[in-house]
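**Q** Show me how the following folds:
(2 chains)
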Amino acid sequence: MSKKDNRSIAFIYDEMDPSEKLEFERDLEIDNNLLIEVESLKNVSENLNNLKEIAPPQDIVEIICKSAVKHKSRTGGSYKRSAFYAAAAILLLGMTSGFFLLDGYQKNTESNSSADAASAGSSSPVLTEFVHPRATSQNNNITTSSITSGSAATISTASTNRVSPWVDHNEVIHFHDRFGAGESAAIDSIFRNSMQKLTPVTDPAQSKHFQRNLHLTGSRR
Amino acid sequence: MRKGLLIIDRTMRLNNSDHIPKNYEKMKDEELVHLFRKEDDQLAFRELMNRHQAKVYSYIFSMIQNREVANDIFQETFTKVITKMDDTYNEQGKWIAWVMRIAHNATIDHIRKQKRFVDVTSSYDEESKTDFYERLPDEDSIGQHEKLELDESTSSLLKHISNLPEEQRTVVMLRHYYEMPFKEIAELTDVSINTALGRMRYALINLRKMFDEEHEKESKNI
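**A** Take a look at the predicted model:
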């Protein structure tokens, strides 16, 4: 069936563009056969308007409404629960990624500053980070002897890319880093020199940072 | 025991709408669907049922022409609507178009099953030049008892519509009961818009013939 034949249906059911409609109306004026067809189809279509809606049996409607209640009570607001879990997951993800971003940023800035300090003391490109021992700001009792003794500071040759020092309960700094065989003496001297330059942080506000970094800012030269 | 079919006026609301608050009547379908899905509002669902149940039922009944089967398909349709509304229905689309798609699919499934389970010994009759399906008596066609329960004009129209081929009947019913645009009918029935328009045209031409024949018979009887 051609589109032309269907134009009469589109016209009767008012589904023509204004321009198409105008064109079709012009055709109707000059084509009597088309006019007769449109009129007769229109009559049939109008006859269909006598077709009334038929209501479904009320008992079936009631059964359907009851099954809707049952279904909702059975699923128990699954939508709300899933929405809650989704929101919680997004929040957790946001917090975690935020933490890691912040952490990464701080590590970068710290490693940059400590690398600068290390390169100032030696030409050896060893990356070192220092963590402030717990309660340094309170009692200023840095146990430099235990740190510098070498027994407390554990330097491992494990293959770690980043230095990640940490402080245990006895406020001992632990390092894990990779050194070349001939570099350990040089590293020890850098380390010792650095430790000698340490001064306790006098401004407690500076140590309130949640990572408690040890500031290697003071120099006794 | 058989119950009579209730023919309702398009503007009439059903009895069970009495306890639905008036403000629900003013709400759009989307708002009611939202209330039902997200706040488990049963009244919202009832309001949706009140608005569309007669149209959905009329469509199914006009396609099937058997009250018992139409009841089953109607119930099956809304059971699917309830269970799939949380997962399948996308609120961007018209709710009733989605419901109609379910009703249409259930109806067509039933019609095809009915045809499939008949033993076909010879599919083409040389004498009458018709295939099996064309000769198949419409076993769901409206019965004498059903006619009596419907009003005369509706009954007569349904009888003629039931004689139309299935695809023409579908287009006529979707257009008539839902004033569904031909574009949507085409989408629902998986054909081009031109095919949908063509089917409507043939349906009207066929109905015109049937009306003419009926008038002839009546005039002869007089």
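**Q** Just after the helix or strand of chain A with the lowest mean pLDDT, pick out the following helix or strand.
**A** Lowest mean confidence among the helices and strands of chain A (mean pLDDT, DSSP states H and E): helix A:144-148, at a mean of 40. Later in the chain than helix A:144-148, the nearest helix or strand by DSSP states H and E is strand A:166-167.
**Q** Give me the helices and strands touching that next one, please.
**A** Contacts defined by 3 or more C-beta pairs under 8 Å, 6 or more residues apart in numbering or on different chains; DSSP states H and E place strand A:166-167 against strand A:173-174. To be clear about C-beta, it is placed using only N, CA and C from the backbone, and glycine gets the same treatment.
**Q** What residues sit buried inside the next helix or strand after the strand it packs on?
**A** Proceeding N to C from strand A:173-174, the next assigned helix or strand is helix A:184-196, under DSSP H and E. For helix A:184-196, burial by neighbour count (16 or more other C-beta atoms under 10 Å in any protein chain shown) applies to A:186-187, A:190-191, A:194-195.
**Q** got those residues as JSON lines, with pLDDT and distance to chain B columns?
**A** Formatted as JSON lines, the buried residues of helix A:184-196 follow (pLDDT from 0 to 100; distance: C-beta to the nearest C-beta, whole Å):
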{"residue": "A:Ala186", "pLDDT": "77", "distance to chain B": "66"}
{"residue": "A:Ile187", "pLDDT": "74", "distance to chain B": "62"}
{"residue": "A:Ile190", "pLDDT": "78", "distance to chain B": "64"}
{"residue": "A:Phe191", "pLDDT": "75", "distance to chain B": "63"}
{"residue": "A:Ser194", "pLDDT": "77", "distance to chain B": "62"}
{"residue": "A:Met195", "pLDDT": "79", "distance to chain B": "63"}
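**Q** Can you point out the buried residues in the helix or strand where B:Phe78 lies?
**A** Per DSSP H and E: B:Phe78 is located in helix B:67-84. With burial defined by 16+ other C-beta under 10 Å, the residues of helix B:67-84 counted as buried are B:67, B:69-82.
**Q** cool, stretch B:31-41 as well?
**A** B:32-37, B:40-41.
**Q** and it, anywhere near chain A?
**A** Yes. Under the criterion of C-beta under 8 Å from any C-beta of the partner chain, stretch B:31-41 makes contact with chain A via B:36-38, B:40.
**Q** Tell me the one among the residues you listed nearest to chain A.
**A** B:Asp40 (4.6 Å; C-beta to the nearest C-beta).
**Q** can you list the domains in chain B?
**A** The record's domain parsing of chain B by automatic domain parsing lists B:2-114, B:133-220.
**Q** got a markdown table for the buried residues of stretch B:31-41, with distance to A:Ala86, secondary structure and pLDDT too?
**A** Shown next, in a markdown table, are the buried residues of stretch B:31-41 (distance: C-beta to C-beta, whole Å; DSSP: H, G, I helix; E, B strand; the rest coil; pLDDT from 0 to 100):
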| residue | distance to A:Ala86 | secondary structure | pLDDT |
| --- | --- | --- | --- |
| B:Leu32 | 24 | helix | 88 |
| B:Val33 | 21 | helix | 87 |
| B:His34 | 18 | helix | 86 |
| B:Leu35 | 21 | helix | 87 |
| B:Phe36 | 20 | helix | 87 |
| B:Arg37 | 16 | helix | 83 |
| B:Asp40 | 19 | coil | 81 |
| B:Asp41 | 22 | coil | 85 |
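**Q** Give me the neighbour count for B:Tyr177.
**A** Around B:Tyr177 there are 22 other residues, counting by other C-beta atoms under 10 Å in any protein chain shown.
**Q** if I pick the nearest residue to it once chain neighbours are set aside, what's in contact with it?
**A** Once flanking residues are discounted, B:Tyr177 sits nearest to B:Lys55: 4.8 Å by C-beta to C-beta, 6 or more residues apart in numbering or on different chains. Neighbour list for B:Lys55: A:53, B:96, B:177-178 [criterion: C-beta atoms under 8 Å, 6 or more residues apart in numbering or on different chains].
**Q** Show the subsequent helix or strand relative to the worst-scoring helix or strand of chain B on mean pLDDT.
**A** Between all helices and strands in chain B, the lowest mean by mean pLDDT, DSSP H and E belongs to helix B:144-149, at a mean of 46. Counting by DSSP H and E, the element after helix B:144-149 in chain order, helix or strand, is helix B:152-162.
**Q** what about that next one and chain A, touching?
**A** Yes. Between helix B:152-162 and chain A, judged by C-beta under 8 Å from any C-beta, the touching residues are B:153-154, B:157-158, B:161.
**Q** In the chain, where is pLDDT below threshold?
**A** No chain in the question, so chain A it is. Within chain A, the ranges that satisfy pLDDT under 70 run A:1-3, A:72, A:74-83, A:109-163, A:174-183, A:200-221.
**Q** wrong one, I was asking about chain B
**A** Applying pLDDT under 70 to chain B flags residues B:1-20, B:22, B:116-150, B:222.
**Q** can you give me the helices for it?
**A** Secondary structure of chain B by DSSP state H: the helices cover B:22-26, B:29-39, B:42-64, B:67-84, B:95-116, B:132-135, B:144-149, B:152-162, B:166-178, B:182-188, B:193-221.
**Q** again with chain A
**A** Here chain A has its helices, by DSSP H, at A:3-12, A:18-30, A:32-47, A:58-75, A:78-121, A:136-139, A:144-148, A:184-196.
**Q** among those, which is nearest B:Thr189?
**A** helix A:3-12 (15.3 Å; C-beta to C-beta).
**Q** before we move on, back to that, which one of the residues of stretch B:31-41 next to chain A is nearest B:Ala186?
**A** Within these, proximity to B:Ala186 (C-beta to C-beta) peaks at B:Arg37, which comes in at 28.5 Å.
**Q** That closest one contacts B:Lys84, correct?
**A** No. Counting by C-beta atoms under 8 Å, B:Lys84 is not a contact partner of B:Arg37; they are 11.3 Å apart.
**Q** burial count for B:Met27?
**A** B:Met27 has 16 nearby residues by other C-beta under 10 Å.
**Q** just the helices of chain B: most buried one?
**A** Across the helices of chain B, averaging neighbours per residue (mean count of other C-beta atoms under 10 Å in any protein chain shown) puts helix B:42-64 on top, at a mean of 23.
**Q** Run the angle between that one and helix A:58-75 for me.
**A** 130 degrees (axes from the mean of the first three to the mean of the last three C-alpha atoms, to 10 degrees).
**Q** how close does A:Ile190 sit to A:Ser184?
**A** Here A:Ile190 is placed at a distance of 11 Å from A:Ser184 (C-beta to C-beta, to the nearest Å).
**Q** oh, I was asking about A:Met95
**A** Note on A:Met95: its distance to A:Ser184, by C-beta to C-beta, is 41 Å.
**Q** Quick check: the farthest pair among the contacts of B:Lys55?
**A** Among the contacts of B:Lys55, A:Glu53 and B:Ile96 lie farthest apart (C-beta to C-beta), at 13.9 Å.
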